[in-house]
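S.K.: model the structure of this input:
(one chain, ligands or ions: 1)
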Amino acid sequence: MTAKTPQLGTLGVARPVTDDWDWQLSSACRDLDSAVFFHPERERGAEKDAREQRAKRICEACPVIAECRRWALATREPYGVWGGLSVADRAEILQDVDRSGARCRARRSGG
Ligand code: SF4
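M.R.: Numbering: from 1, shown residues only. Coordinates of the predicted model:
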């Protein structure tokens, strides 16, 4: 997993990167092989589904699933299973979020 651009704190000053990653210290996947969470090249179909289900079962027991999920959605993490959500799961959620954001903007602008 790679670090992301630090988020701005309440004063508009970049917070230390460790603030964004502290939750990972308690993660259930901390010492596991990342290959369970990120698909290898050319993995498809049933093999991919089985690996994602294995990853999701680990996430279900993770004490920081909420933080992980929030991070993955906020950063639009493009790869892997995060917070019990696959790439497809996150894309579906973000599509709904984007649609409702567009509806709100249209309502505010009188459209
Ligand atoms: S929710 Fe899943 S991917 Fe996220 S830290 Fe926990 S085990 Fe790892």
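
S.K.: can you pull the buried residues of the helix ranked longest in the chain?
M.R.: If you go by DSSP state H, the chain has its longest helix at helix 87-108. By neighbour count on 16 or more other Cβ atoms under 10 Å, the buried set for helix 87-108 is 87, 89-90. C-beta coordinates here come from the backbone N, C-alpha and C atoms, glycine included.

S.K.: what do you get for stretch 39-51?
M.R.: In stretch 39-51, counting by 16+ other Cβ under 10 Å, buried: 39, 51.

S.K.: would you turn the buried residues of helix 87-108 into a markdown table with pLDDT?
M.R.: Shown next, in a markdown table, are the buried residues of helix 87-108 (pLDDT from 0 to 100):
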| residue | pLDDT |
| --- | --- |
| 87 | 97 |
| 89 | 98 |
| 90 | 98 |
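
S.K.: quick one: which of these is nearest to residue 110?
M.R.: Closest to residue 110 out of these is residue 90 (32.0 Å), distances taken as Cβ to Cβ.

S.K.: so that closest one makes contact with residue 82?
M.R.: Yes - counting by Cβ atoms under 8 Å, residue 90 touches residue 82, with 7.4 Å between them.

S.K.: surely residue 48 and residue 40 touch.
M.R.: No - with contacts counted by Cβ under 8 Å, residue 48 stays clear of residue 40, the gap being 9.3 Å.

S.K.: residues in contact with the spatially most central residue of the chain?
M.R.: Nearest to the geometric centre of the chain sits residue 72, at 1.9 Å (Cα atoms, centre = their mean). Residue 72 makes contact with 82-83, 85, 90 under the criterion Cβ atoms under 8 Å, 6 or more residues apart in numbering.
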